[in-house]
Structures are given as C-alpha cells and as structure tokens.
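J.: turn this into a structure:
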Amino acid sequence: MNRCVQFVFFLLVVAARLSGQPYDLLLKGGHVIGPKQNPDAIRDVAVRARKIAAVASGIADSRARKVVNLAGLYVTPGLVDIHAHVLTVVG
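T.: Residues are numbered from 1 along each chain as shown. This next block holds a predicted model:
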C-alpha cells in the first residue's frame with residue numbers, strides 16, 4: 001500500500017509541474033535581433049532551464065514564473081560587450 005501512495009504522489013507532482021508554468025523567465029517586448037533566424041522585431045523570449053524555449057509575440061505572462069519588461073531595449077544572443085579598442089601604430 002505504501003508504494004501505491006508514493007506512486008500516486010509522484011503522479012500528482014508530475015501533473016502539477018506539467019500543467020503549471022512552463023517557462024522560468026519571460027523577457028517581454030524587447031527588440032530581438034539575432035544572426036541565426038534573422039529576427040528584427042519586437043518579440044517575447046521565453047527561457048526554460050537556462051535555454052531559449054520560445055521566441056514569439058504575445059506570450060502570456062501567466063506562462064512564466066518571472067516576467068521582465070524589456071520594452072525599448074535590445075535583446076541579442078551572445079553579445080558580451082559591444083565596444084572595441086582600436087590601436088593605430090604609426091612609424
């Protein structure tokens with residue numbers, strides 16, 4: 001009987017996770033620019049387990065644990081720093 005109770009509990013936990021919020025983080029309304037699929041538009045970016053799970057417009061806030069409003073900001077993959085040091089050698 002104990003194993004049966006444990007199994008039912010396990011199923012309830014799994015069902016709760018699957019029916020809950022699928023994304024850990026939702027970046028809302030940022031201007032997405034990326035080299036791979038060439039987006040250049042206002043989009044929402046959903047993150048799950050530290051990986052991009054979806055890029056679309058109008059992802060519901062209720063689908064994420066945390067929502068960050070990025071309206072007016074750029075969202076790009078892989079940029080660490082966008083400045084450069086240029087050295088000119090004369091002579």
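J.: looking at this, Ile42 is in a strand?
T.: Yes - checked against DSSP: H, G, I helix; E, B strand; the rest coil, Ile42 lies within a strand.
J.: from Ala56, how far off is it?
T.: Distance, Ile42 to Ala56, using Cβ to Cβ, to the nearest Å: 11 Å. No exception for glycine: its C-beta is placed from N, CA and C like everyone else's.
J.: which of the two has more neighbours?
T.: Set Ile42 next to Ala56 and count neighbours by other Cβ atoms under 10 Å: Ile42 wins out with 15 against 10.
J.: quick one: contacts of the lengthiest strand in the chain?
T.: For the chain, the longest strand by residue count, based on DSSP state E, is strand 23-33. With Cβ atoms under 8 Å, 6 or more residues apart in numbering as the contact definition, strand 23-33 has outside contacts at 39-50, 53-55, 59, 61, 63-76.
J.: show me those residues that map onto strands.
T.: If you go by DSSP E, the contacts of strand 23-33 have 40-48, 53-55, 64-69, 74-75 in strands.
J.: spatially nearest residue to the residue positioned nearest the centre of the chain (excluding sequence neighbours)?
T.: Centroid check for the chain by Cα atoms, centre = their mean gives Val47 as the closest residue, at 2.3 Å. Closest residue to Val47 apart from its sequence neighbours, by Cβ to Cβ, 6 or more residues apart in numbering: Leu25 at 4.2 Å.
J.: sorry, back to before: quick one: buried residues of the longest strand of the chain?
T.: If you call a residue buried by 16 or more other Cβ atoms under 10 Å, then strand 23-33 has these buried ones: 23, 26-32.
J.: hmm, back to that, return a PyMOL selection command for the buried portion of the contacts of strand 23-33.
T.: Burial among the contacts of strand 23-33 is assessed by 16+ other Cβ under 10 Å; the matching PyMOL selection reads:
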select buried, resi 39+43+44+45+46+47+53+55+59+63+64+67+70+75
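J.: any stretches of this protein with poor pLDDT?
T.: Within the chain, the ranges that satisfy pLDDT under 70 run 1, 3-20, 78-82, 91.
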